[in-house]
Every structure is written in structure tokens, then in C-alpha cells.
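In: Structure for the following, please:
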Amino acid sequence: RLKSDVKNANLKSGLTFTNLKDIDNASKDTMIISCPTMACFALCLIVDTLDKEQEASEELALLSWLPRIIEVVLVIFYSTADAIESGIFDENTLEAVMRCCFVLGKTIDNRHNKNTSALPDETKHIMHRTLDIIKLLACRAGELEVDKRCDSISAKLELAIQRALSQALVFVESMCHSKSLQAKIGKDFLLVGVISPIISFESCQSGFDSAIQRTIVISSLKSVRFLITSDENDKEVIKSLVGFCLGILEQVDIAGCSELKSSAQDFIIHCLSNSLISENEKIICVDKLALFNCWDAWQMCMHDQMAAATCSLTHVRRALSDGKNCKRHGEVLVAIVTVAKEHKELLPNIISSVGANVFEIFKQYGTRQEQKDRILLCANCMKFIMLTYQFLLSRNGDDVSSEHAFISTVFEVLVDIVSHNGLPNQNATALPGADPALGRMSAQFFVHVLRTSPATFKACVGSMSQETRSIFEKSVRADMSGYPSTAPTKKRLNFKSFKQ
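Out: Next up, the predicted model:
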């Protein structure tokens with residue numbers, strides 16, 4: 001965008017005068033207006049060029065220019081910061097501060113990290129001024145949100161503030177991510193700076209109705225993740241922020257908060273996966289993630305958490321028992337299948353706690369054509385059943401009665417599904433809206449059990465009623481024969497056999 005602005009405005013440096021006395025006022029004004037764009041563009045070009053392979057002489061020449069251009073950009077940055085502190089929020093000021101934050105961030109984020117040392121020793125002051133800018137921009141944006149004026153000038157100003165604020169936040173994130181700047185500025189100074197907005201928002205208990213507040217909190221949590229470690233001094237901060245994130249997840253009715261909730265979940269996952277909190281705190285976190293229906297985060301936090309799994313399965317069972325929320329069922333089923341697949345040691349607890357609920361959901365969606373995403377839901381139920389069956393087989397016949405009881409229950413549910421949906425290429429009278437794909441899914445499981453555990457298969461079939469066995473046997477034969485069409489075929493005449 002800088003390149004486009006320079007090209008479209010046909011801006012030049014204006015440094016073609018022999019001495020300062022020859023510069024007229026009009027030229028001075030032009031240079032002042034174009035200076036932010038030109039200086040930021042020049043710094044971008046130098047940084048981008050240094051990111052590429054250069055000859056030693058060219059690289060030294062560019063590096064010699066770098067601190068001088070940065071000095072110019074910092075003069076502009078401080079000037080715009082002073083203007084914002086004085087209550088000036090015009091478009092030129094906001095554009096200038098946005099560009100300064102962008103190019104100063106590029107000196108940190110360059111690919112080879114050659115230029116990290118290019119920022120001067122006053123980096124702590126730069127960080128301090130940037131945090132002040134963020135605070136002032138957030139206050140001004142909040143005032144505009146309260147006014148809710150719909151005129152074009154206010155809308156344009158609000159957009160400019162949001163863009164400047166976003167870029168300033170990205171600049172802070174870049175500084176927090178840089179290990180060399182952490183050493184130069186001090187990790188504690190950075191940490192205090194980035195969590196101060198969170199503390200202010202939490203103390204005023206204003207919620208997260210404001211988009212600006214949500215943007216700042218998301219960025220702050222991201223910056224904190226770059227700074228926290230397992231160091232003893234960070235534990236209280238981490239504990240407080242995890243509680244703050246759980247508070248965000250509890251507020252389920254906030255509109256437009258999906259990104260904020262994702263950020264809160266990512267922070268909790270980061271803390272749990274890096275062992276930044278105690279075991280008791282991990283159990284509480286996992287339990288509350290299930291309580292607040294954060295199933296993506298819940299499944300990712302189950303590493304070696306037997307106690308947490310046992311506690312949180314109560315919430316899993318409650319979610320599966322909610323007969324009115326199809327979306328909720330889908331999220332929970334994906335989560336428990338993932339956990340059962342990746343953590344085999346948790347499978348017995350999962351089976352005993354929610355196995356019956358999975359059977360109930362499978363039958364519910366397998367025999368109702370009006371439910372949305374029923375194929376996907378049934379497929380996840382079948383995955384859970386397959387995982388359970390494989391687990392029982394892995395015990396090498398230690399508990400034949402449990403295996404027989406499990407297979408008999410599954411067969412009963414699947415026969416109902418076949419009866420409701422029919423089978424592919426069969427002319428049986430299936431109910432309206434039935435899906436033969438569900439019948440085929442059931443028949444494939446029948447055949448799988450026949451081939452992997454024939455003794456159990458025989459015992460389960462022997463205990464079936466005549467009507468159930470008839471549907472069952474038909475399903476097995478159809479799957480083993482490839483579902484041939486049963487539609488009557490017309491006889492064809494072989495005209496070649498006719499002779500004149």
C-alpha cells in the first residue's frame with residue numbers, strides 16, 4: 001500500500017535545494033505531508049532488500065542507511081504520538097502512526113533477523129509510547145461507539161482508528177516475540193505492559209460488548225504467550241490469566257465473540273500443553289472446558305489427564321443427553337472419538353460413562369430423516385463403536401460376556417437402522433427420506449464382526465428373534481454380494497439369431 005501511495009501521488013523527496021533558505025513554505029508543507037509515507041517506504045525497501053541475499057558491500061551500505069532512516073521514522077512516530085496525546089485524531093496523524101508501527105515492526109520481523117539490533121537503545125521508550133497510543137486510540141474508538149453517529153465522517157474516522165490500533169497491537173506482538181528485544185527491554189516490563197489492558201477490562205467488569213476491547217484482549221493474550229515460561233515468577237500471572245480466559249468462555253451469549261473465545265482457548269491449551277500450571281489447576285481447566293462446551297479445546301487438553309477425563313465426562317454425558325441440540329451432539333462426538341483414538345488408556349472410562357448415550361444418539365439420528373447432518377453424526381457414532389469393539393478384541397477374550405453383550409446391543413441398534421433406511425439397490429419399502437447409506441454402514445459392521453470374531457457373531461445371531469434375524473441375514477448377504485440390484489430386468493431379443 002505504501003508503494004501504491006508513493007506511485008499514485010508521484011511523491012519525491014524534495015531534497016533538491018542547495019540550502020534550507022531556498023525552500024519555500026509550499027515546498028516545506030509538501031515535504032511535511034509526504035515525509036511519513038516516504039520515510040516508511042524507504043525503510044520498507046531497505047528491510048525487504050536485506051531479507052534477500054546480497055553482496056557484502058551492498059549489505060554494508062544498506063545497513064549504514066538503516067539507523068538513519070529509523071531515526072527519521074522515530075521522529076515521525078514520536079510526533080504523531082504527541083499529537084494523539086493532545087487529542088488530535090485526524091486522518092493524516094492516524095495514517096502516519098499506522099505506517100510507523102508497520103515499518104518498525106518489519107525491522108523486527110525480517111526473515112533472517114538481521115535487523116533486530118537496528119532499533120535503538122530507547123526501545124523501552126518506544127514500547128511505552130506505543131502502549132500509550134493503544135490506550136488513547138481505544139478510548140477514542142470507545143467514544144465513537146457510544147456516540148453511534150452514522151455520518152460518513154465519523155465512520156471514516158472510526159475505520160482509521162481501528163486500522164492504526166490494529167497495527168500498533170501487531171507492533172507490540174512483534175516486540176514481545178523477539179528474544180533479543182525481551183533481553184533488551186526486559187520481559188517483566190513487556191509483561192506488565194501487555195496485561196495492563198486485561199486488568200483494566202476485568203476491573204471495570206464491562207464485558208466484551210466492544211469490538212475494540214475484544215481486539216485488544218486477543219492481541220494481549222497472544223503477546224503474553226510469547227513471554228510466559230515455566231519460571232516460578234510467572235505462575236501467579238498465568239493462573240490469573242487462565243481464570244480470565246475461563247471467564248471469557250463462560251460468557252456464551254456474547255455476539256461476535258468467536259475469535260475472542262478461540263484466543264482464550266488457545267491460551268489455555270498453550271498453558272496446559274507446556275505444563276505452566278499445576279495438576280489440580282489442569283483438572284479444573286479441563287472440567288470447565290467441558291462445562292462451557294469448548295470441545296475443540298477439551299480434546300486437545302486431555303494429554304495424560306486421567307483424573308480430568310473422569311471428572312469432565314459428566315459434562316460430556318450431559319451434552320449428549322441434550323436431545324434438542326444437533327450441533328452440540330456433533331461437536332461432542334468428534335471430541336470423544338478423537339480422545340478415544342489418541343488416548344487409548346482413557347477408552348474404558350469413556351465407554352462406561354457415555355457408551356449408552358452414543359447408542360441412543362446413533363439410533364435417534366439413524367431412524368429420523370429430518371435431522372441435519374445425520375450421516376456425519378451416525379458416522380462418528382460408528383467410529384466410536386469400532387474403537388470400542390477393537391478395544392474389546394485387544395483384551396484377547398479376557399471378558400467374553402462383555403464382548404457378547406456389547407455386540408448384541410450394537411446389532412440391535414443397527415438392525416433398526418437397516419429396517420428404517422433399507423439397503424442400496426434393494427426394493428424393500430424404506431420410509432420416506434431414508435438413506436440407504438446408513439443401512440450399508442450397518443451391514444458393513446455385521447460383516448466385519450463375522451470375519452473378526454465369528455464365535456461372538458454366531459452367539460449373538462442365535463439370540464435374535466426371527467424377525468430381527470431375517471433383516472440381519474439379508475443385510476449380511478447383500479454386503480457380501482456387493483448389493484446387486486433386485487429390480488426386474490426386461491428380456492432382450494437377440495436379433496442376430498434371426499435369419500432371413
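
In: Beyond the helix or strand that contains F226, next helix or strand please.
Out: Using DSSP states H and E, F226 maps to helix 211-227. On the C-terminal side of helix 211-227, the closest following helix or strand by DSSP H and E is helix 235-250.

In: Remind me what that following helix packs against, helices and strands.
Out: Contact analysis of helix 235-250 by 3 or more C-beta pairs under 8 Å, 6 or more residues apart in numbering; DSSP states H and E lists helix 187-204, helix 211-227, helix 258-273, helix 279-291 as its packing neighbours. Every C-beta, even on glycine, is put in place using the N, C-alpha and C of the backbone.

In: Tell me which residues of that helix come out buried.
Out: Neighbour-count burial for helix 235-250 flags 235, 237-238, 241-242, 244-246, 248-249 (criterion: 16 or more other C-beta atoms under 10 Å).

In: could those residues go into JSON lines alongside distance to G439 and pLDDT?
Out: Shown next, in JSON lines, are the buried residues of helix 235-250 (distance: C-beta to C-beta, whole Å; pLDDT from 0 to 100):
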{"residue": "K235", "distance to G439": "56", "pLDDT": "84"}
{"residue": "V237", "distance to G439": "56", "pLDDT": "87"}
{"residue": "I238", "distance to G439": "52", "pLDDT": "88"}
{"residue": "L241", "distance to G439": "51", "pLDDT": "90"}
{"residue": "V242", "distance to G439": "47", "pLDDT": "90"}
{"residue": "F244", "distance to G439": "50", "pLDDT": "89"}
{"residue": "C245", "distance to G439": "45", "pLDDT": "90"}
{"residue": "L246", "distance to G439": "44", "pLDDT": "90"}
{"residue": "I248", "distance to G439": "44", "pLDDT": "86"}
{"residue": "L249", "distance to G439": "40", "pLDDT": "87"}
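
In: okay, the residues you listed in a markdown table with distance to K474 next?
Out: Written out in a markdown table, the entries for the buried residues of helix 235-250 read as follows (distance: C-beta to C-beta, whole Å):
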| residue | distance to K474 |
| --- | --- |
| K235 | 63 |
| V237 | 65 |
| I238 | 60 |
| L241 | 60 |
| V242 | 56 |
| F244 | 59 |
| C245 | 54 |
| L246 | 53 |
| I248 | 54 |
| L249 | 49 |
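
In: Could you point out which of those residues is nearest to C311?
Out: Using C-beta to C-beta, L246 is the member of these that sits closest to C311, with 14.9 Å.

In: Could you report the separation of the closest one from S230?
Out: For L246, the distance to S230 under the criterion C-beta to C-beta, to the nearest Å works out to 20 Å.

In: what about stretch 34-54, distance to the chain center?
Out: Taking the mean C-alpha point of stretch 34-54 and that of its whole chain, the gap between them comes to 33 Å (C-alpha atoms, centre = their mean, to the nearest Å).

In: tell me the contacts of the nearest residue to K156 once chain neighbours are set aside?
Out: The shortest distance from K156 to any residue that is not its chain neighbour, by C-beta to C-beta, 6 or more residues apart in numbering, is 7.3 Å, and that residue is E91. Contacts for E91 were tallied using C-beta atoms under 8 Å, 6 or more residues apart in numbering; they are 156-157, 160.

In: change it to 10 Å
Out: 153, 156-157, 159-161, 164 (C-beta atoms under 10 Å, 6 or more residues apart in numbering).

In: doesn't L190 make contact with S220?
Out: No: taking contacts as C-beta atoms under 10 Å, S220 lies outside contact range of L190: 11.2 Å.

In: Give me the common contacts of those two.
Out: Taking C-beta under 10 Å, 6+ apart as the criterion, S220 and L190 both touch 172, 176.

In: Tell me the buried residues in the helix or strand in which Q299 is found?
Out: Q299 belongs to helix 295-300 when assigned by DSSP H and E. Within helix 295-300, the residues that qualify as buried by neighbour count (16+ other C-beta under 10 Å) are 295-300.

In: Can you tell me which helices and strands it packs against?
Out: Applying 3 or more C-beta pairs under 10 Å, 6 or more residues apart in numbering; DSSP states H and E, one finds that helix 295-300 makes contact with helix 258-273, helix 279-291, helix 306-320, helix 326-342.

In: any idea how far I238 is from R225?
Out: When distances are taken as C-beta to C-beta, I238 and R225 turn out to be 10 Å apart.

In: ok, now G422?
Out: For G422, the distance to R225 under the criterion C-beta to C-beta works out to 53 Å.

In: all helices of the stretch 301-450 of the chain, in order?
Out: Read by DSSP state H, counting those that start in this stretch, the stretch 301-450 of the chain holds these helices, from start to end of the chain: 306-320, 326-342, 347-366, 374-394, 400-421, 436-452.

In: could you dump those helices to JSON lines with mean pLDDT?
Out: As requested, these are arranged in JSON lines below (pLDDT from 0 to 100):
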{"stretch": "helix 306-320", "mean pLDDT": "82"}
{"stretch": "helix 326-342", "mean pLDDT": "88"}
{"stretch": "helix 347-366", "mean pLDDT": "89"}
{"stretch": "helix 374-394", "mean pLDDT": "91"}
{"stretch": "helix 400-421", "mean pLDDT": "88"}
{"stretch": "helix 436-452", "mean pLDDT": "91"}
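
In: now for the ones you listed, which one comes closest to E95?
Out: Ranking the helices of the stretch 301-450 of the chain by their distance to E95 (criterion: C-beta to C-beta) puts helix 326-342 first, at 42.8 Å.

In: Report the buried residues of the closest one.
Out: 326, 329-340.

In: Closest one to F446 out of those, please.
Out: Ranking the buried residues of helix 326-342 by separation from F446, with C-beta to C-beta as the measure, puts V337 on top at 21.0 Å.

In: and the closest residue to the closest one other than its chain neighbours, what is it in contact with?
Out: Distance criterion C-beta to C-beta, 6+ apart; nearest residue to V337, sequence neighbours excluded, is K383 at 4.9 Å. Contacts here follow C-beta under 10 Å, 6+ apart; on that basis K383 touches 333-334, 336-338, 340-341, 358.

In: distance of the closest residue to M175 other than its chain neighbours from S34?
Out: Using C-beta to C-beta, 6+ apart and skipping residues adjacent in sequence, the residue nearest M175 is L181, 5.1 Å away. Noted for L181: a distance of 30 Å to S34, by C-beta to C-beta.

In: Hmm, L276 is touching S230, no?
Out: Yes: if you go by C-beta under 10 Å, L276 and S230 touch, sitting 5.7 Å apart.

In: Find residues that contact each of these two.
Out: With contacts taken as C-beta under 10 Å, 6+ apart, the residues that reach both L276 and S230 are I238.

In: which of the two has more neighbours?
Out: Regarding L276 and S230, a neighbour count based on other C-beta atoms under 10 Å identifies L276 as having more, with 22 against 12.

In: Could I get the contacting residues of R68?
Out: With contact set as C-beta under 10 Å, 6+ apart, R68 has these partners: A42.

In: Could you measure from it over to I185?
Out: The spacing between R68 and I185, counted by C-beta to C-beta, is 23 Å.
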